[in-house]
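# what follows is a predicted protein model with its sequence.
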Amino acid sequence: MGKFNKFIQKSLGSELTTLSLLSIALFLFLIVYFLFIGIKYTPYEINELDSLGQHIPLAKSILEGRLFNPPEMGKGLGFYMPVGEIILSLLILLNIPLGFYNIIAVILIYFLCFKLARSYLLSKENALLFSTVVVYLNPIVRLISTQKNDLFLLSFFLLFWFLLKLGGSSLKYFITLGISFGLLIGTKYSGIIFSIVLLIAFGKSLLKTMTNKNITSFAIFAFLFGGIWYTRNYVLTGNPIYPVGLFGFKGHPEFIIPTGLDTLFNKSTFPITLDAFISEYLIWIFIPIMVIWLFVLRKTRRLAVNNFPLLLIAAGASFAYFLGPSEFTRVNITSNMRFLLETFVSLVLFIFLAFKNHNLEKYLKLLAILSVFAIIPQLDYYPKLIILWIGIIAFIVFIMNKKVKLE
């Protein structure tokens, strides 16, 4: 709690507005709730198939010394990128409930969203609200109690994005950048798409600070944290992205299923896709309409020019959905809406900036809070948890008030 309180104090200073406190309270409610779920239920009771059939077995195989000799699994899934499973294996080793796995990722997402929003000059109040909106996106809430690695992928995406936006020329900066790049591409194959998009968006400024020493440091740590797994796959199978068959590389014979692009434009499945799209992203599905409406105003056109990398990230990140595997069932189409998380985080941030630019923040704040509260009713009802999370909020208020009085 000490470090968290220090972060709150440093982030907010004396700006503990009602909305800031509400944003923090909603975030803490989410964490407390899923900590309770993680303790109360095992992964086998939750019965999420990907977790039980792929991620947990892979994590256990790592503890058995098979990190560089993955087990045979259906469709060759044992050769998927293992960074998430390495983290999961540490939880198993330390006897920490596996339900805590994605709670760690959500905390990282919240913190990194706040830092990213601040780097785009949003106020502390709006940065906290933006962070809360992100962690309450329905695809994120659905994944918290599972062992799927999409939330860690999002956290590493945000970390790499923030570091590129921050910029730097020191050796330490390029080592950190290399680690974040490696973690991103080493968690899922879609991390390759995200990393390319981010490098294109910020490549011009990055090139200005590159030296041979910086490039070498970046490359070494990118390989150690990410590239090494592609090398492993190539050595064992002749295909760095096994079991996927692309670019002339031979994939696993059973890994032949439709892609998201087929799903989106297939006449029989488009109504299901649209229904899932609305259900998963709620009011944020109107972002394209908001953007078109705001583009009529000159200031937003200027904002778009100034934040072109942000729109480029949103557009480029969409390919992760279009290229992602998706069987034609309602469950899978809904589940695969998580492949649009990086896109929607980018677009929601752009909307926050656009509404700020037009002094329309009060309307966006209302929509943002309503979007958060729309998610809460789907959670199971455990009223006694109120004692714990309100107690935490009261403690934060006490610390903040004490700090303000001391100043």
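Received it, and whenever you're ready, just let me know what you need. The structure displayed is predicted, hence computed values, not measured ones.

# what's the closest non-adjacent residue to residue 183?
residue 156 (4.4 Å; C-beta to C-beta, 6 or more residues apart in numbering). For glycine as for every other residue, the C-beta is placed from the backbone atoms N, C-alpha and C.

# tell me which residues touch the one you found, please.
Residues counted as contacts of residue 156 (C-beta atoms under 8 Å, 6 or more residues apart in numbering) are 83, 180, 183-184, 187, 191.

# sec struct for it, please.
State at residue 156, reduced to three classes by DSSP: H, G, I helix; E, B strand; the rest coil: helix.

# try residue 247
When classified by three-state DSSP, residue 247 comes out as coil.

# also the one 5 residues further on?
For residue 252, the reduced secondary structure class is coil; criterion used: three-state DSSP.

# what about it, distance to residue 59?
For residue 252, the distance to residue 59 equals 21 Å [C-beta to C-beta, to the nearest Å].

# what number of residues lie near the nearest residue to residue 39 once chain neighbours are set aside?
Of all residues not flanking residue 39 in the chain, residue 97 sits nearest, at 5.8 Å (C-beta to C-beta, 6+ apart). Residues within reach of residue 97, counting by other C-beta atoms under 10 Å, total 16.

# then residue 22?
Neighbour number of residue 22 under other C-beta under 10 Å is 17.

# just residue 274 next, same as before
By other C-beta under 10 Å, the residues close to residue 274 number 13.

# need the pLDDT of it.
Per-residue pLDDT puts residue 274 at 87.

# mind listing the helices for the stretch 101-250 of the chain?
For the stretch 101-250 of the chain, applying DSSP state H, counting those that start in this stretch gives helices covering 101-119, 124-135, 138-143, 150-166, 171-185, 190-207, 212-222, 228-237.

# mean confidence for the fourth one?
Confidence over helix 150-166 (mean pLDDT, whole number) is 97.

# tilt between it and helix 101-119?
Inter-element angle recorded for helix 150-166 and helix 101-119: 20 degrees (by axes from the mean of the first three to the mean of the last three C-alpha atoms, to 10 degrees).

# please identify the buried residues of helix 150-166?
For helix 150-166, burial by neighbour count (16 or more other C-beta atoms under 10 Å) applies to 150-165.

# and residue 240, its phi and psi?
Per-residue torsions, residue 240: phi -70, psi -20 (degrees, to the nearest 10).

# give me the phi and psi for the residue nearest to residue 39.
Residue torsions, per degrees, to the nearest 10, at residue 97 are phi -50, psi 130.

# mind checking how far it is from residue 34?
From residue 97 to residue 34 the distance is 11 Å (C-beta to C-beta).

# ok, residue 83 next?
Distance from residue 83 to residue 34, counting by C-beta to C-beta: 22 Å.

# with neighbour numbers in mind, choose between the two.
Between residue 83 and residue 34, counting by other C-beta under 10 Å, residue 83 is the more crowded of the two (22 against 19).

# give me phi/psi at residue 170?
Per-residue torsions, residue 170: phi -80, psi 160 (degrees, to the nearest 10).

# my bad, should have said residue 82
Torsion angles at residue 82 (phi, psi; degrees, to the nearest 10) stand at phi -100, psi 10.

# could you list every residue that touches the closest residue to residue 177 other than its chain neighbours?
Spatial nearest neighbour of residue 177, chain neighbours left out: residue 163 (5.1 Å); criterion: C-beta to C-beta, 6+ apart. Counting by C-beta under 8 Å, 6+ apart, residue 163 makes contact with 173, 176-177, 180.

# any idea how far residue 163 lies from residue 131?
According to C-beta to C-beta, residue 163 and residue 131 sit 18 Å apart.

# show me what contacts residue 148?
Counting by C-beta under 8 Å, 6+ apart, residue 148 touches 48, 50-51, 55, 102, 338.

# residue 195 now?
So residue 195 contacts 160, 181, 184-185 (C-beta under 8 Å, 6+ apart).

# one more: residue 169?
Going by C-beta under 8 Å, 6+ apart, residue 169 touches 209, 214.

# same deal with the one 3 residues further on?
When the contact criterion is C-beta under 8 Å, 6+ apart, residue 172 has no partners at all.

# that one and residue 178, how far apart?
For residue 172, the distance to residue 178 - C-beta to C-beta - is 11 Å.

# so residue 55, which of the three states?
Secondary structure, three-state DSSP: residue 55 is helix.

# coming back round to it: mind putting the helices of the stretch 101-250 of the chain in JSON lines, distance to residue 361 included?
As requested, the helices of the stretch 101-250 of the chain are arranged in JSON lines below (distance: least, C-beta to C-beta, whole Å):
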{"stretch": "helix 101-119", "distance to residue 361": "13"}
{"stretch": "helix 124-135", "distance to residue 361": "7"}
{"stretch": "helix 138-143", "distance to residue 361": "23"}
{"stretch": "helix 150-166", "distance to residue 361": "22"}
{"stretch": "helix 171-185", "distance to residue 361": "31"}
{"stretch": "helix 190-207", "distance to residue 361": "25"}
{"stretch": "helix 212-222", "distance to residue 361": "38"}
{"stretch": "helix 228-237", "distance to residue 361": "43"}
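
# tell me which of those helices lies nearest to residue 333.
helix 138-143 (12.4 Å; C-beta to C-beta).

# avg pLDDT for the closest one?
Confidence for helix 138-143, expressed as mean pLDDT, is 96.

# again, but for stretch 231-247
Mean pLDDT, computed over stretch 231-247, is 92.

# again, but for stretch 50-69
95.

# report the buried residues of it.
51, 54-59, 61-62, 67.

# what about the strands in the stretch 301-407 of the chain?
Taking DSSP state E, counting those that start in this stretch, the stretch 301-407 of the chain contains no strands at all.

# closest to residue 356 out of the contacts of residue 195?
The closest of these to residue 356 turns out to be residue 160 (C-beta to C-beta; 24.6 Å).

# distance of the residue nearest to that closest one when sequence neighbours are not counted from residue 45?
Closest residue in space to residue 160, ignoring its immediate chain neighbours: residue 180 at 4.4 Å, by C-beta to C-beta, 6+ apart. Residue 180 sits at a distance of 34 Å from residue 45 (criterion: C-beta to C-beta).
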